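Peer 1: predicted model, plus sequence, below.
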Amino acid sequence: MEHPNVLVFVEFPDPDVPTTGFLKGFKYPDAEVVGFYHLDDGESPEEARAERGDEFTSELEEIAERFEREGVRADHDLVFGHDRVAARQQIVERDAVDAILLPGAANTLGKVLIAARSLPNAERKATMLDIVAEDELLSVDLVHIADPDDPDGESEGQRILKQTASALADAGVPEMRINRTVRTGTDVAFELSQAARGYDLIVLGETERDLGDRIFGPIGEYIVDERDVSVLILR
């Protein structure tokens with residue numbers, strides 16, 4: 001995929017932004033940096049924009065310039081609203097972005113964990129991994145969360161991981177850098193957050209919605225909050 005469009009979603013007044021070291025590991029993507037400010041009950045977007053719009057826009061420009069200095073073309077936009085997940089979904093659909101980045105604190109982009117829940121997303125995840133510079137990439141680990149009540153859960157997980165690893169190898173990731181793990185558990189978000197220890201980036205798929213929740217928001221954000229690891233959500 002040439003020049004995928006990545007939505008980088010940051011929240012004001014205290015935005016978490018990718019570190020310079022993390023950005024050095026990226027290649028080719030275009031970034032759309034969106035700053036979101038959560039409105040209080042009864043607070044209108046017009047009032048908030050009039051009061052803080054100039055301040056937040058100036059900070060957004062500085063964030064976008066940080067991307068540009070590391071070779072990532074970046075546009076920026078400022079949104080005021082009451083629901084960050086709904087706002088994020090609206091932007092994703094409006095601008096047809098390829099992925100959403102929820103920034104964490106990693107200062108490198110060498111260790112990547114891919115959550116492989118199903119086969120349809122395997123090839124897409126392998127393709128999107130092209131945005132990581134080869135000389136930065138140390139390992140690409142795969143994890144599947146199996147249902148402990150499913151007697152075929154672990155064997156099916158191994159099959160999914162094997163085919164995902166094959167897709168990564170076909171995309172140019174050295175097989176020696178690919179590791180595979182099946183974990184069992186009923187709380188997928190918790191298991192993923194446990195697996196995420198020590199990684200720089202976790203890759204999830206938009207369609208991998210567990211427990212009836214939207215991975216756009218609560219699950220991805222849970223992992224960022226628990227591990228301070230960046231999460232890349234593929235559409």
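Peer 2: It's in.

Peer 1: CA only for contacts and neighbour counts going forward, please
Peer 2: Noted.

Peer 1: buried residues in the lengthiest helix in the chain?
Peer 2: The single longest helix within the chain, with elements called by DSSP state H, is helix 45-69. Buried residues in helix 45-69, counting neighbours by 16 or more other C-alpha atoms under 10 Å, are found at 45, 48-49, 53, 56-57, 59-60, 63-68.

Peer 1: kindly report the same for stretch 135-154.
Peer 2: Counting neighbours by 16+ other C-alpha under 10 Å, one finds that the buried residues in stretch 135-154 are 137-147, 153-154.

Peer 1: which residues touch it?
Peer 2: Contact with stretch 135-154 is made by 25, 108-117, 157-158, 160-161, 165, 177-186, 188, 191-192, 195, as judged by C-alpha atoms under 8 Å, 6 or more residues apart in numbering.

Peer 1: what's the domain layout of this protein?
Peer 2: For the chain, automatic domain parsing gives the domain ranges 5-102, 111-234.

Peer 1: let me know which of those domains is tucked in deepest.
Peer 2: domain 111-234 (a mean of 19; mean count of other C-alpha atoms under 10 Å).

Peer 1: how about the most centrally placed residue in the chain, what does it touch?
Peer 2: Note on the chain: the residue nearest the mean C-alpha position is residue 232, at 1.5 Å, using C-alpha atoms, centre = their mean. By C-alpha under 8 Å, 6+ apart, residue 232 lies in contact with 99-102, 201-204.

Peer 1: farthest-separated two in these?
Peer 2: 99 and 201 (13.2 Å; C-alpha to C-alpha).

Peer 1: what is the longest helix of the chain packed up against?
Peer 2: With contacts defined as 3 or more C-alpha pairs under 8 Å, 6 or more residues apart in numbering; DSSP states H and E, the packing partners of helix 45-69 are strand 30-38, strand 74-81.

Peer 1: in CSV: these, plus mean pLDDT and distance to residue 173.
Peer 2: Formatted as CSV, the helices and strands packed on helix 45-69 follow (pLDDT from 0 to 100; distance: least, C-alpha to C-alpha, whole Å):
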stretch, mean pLDDT, distance to residue 173
strand 30-38, 94, 22
strand 74-81, 95, 27
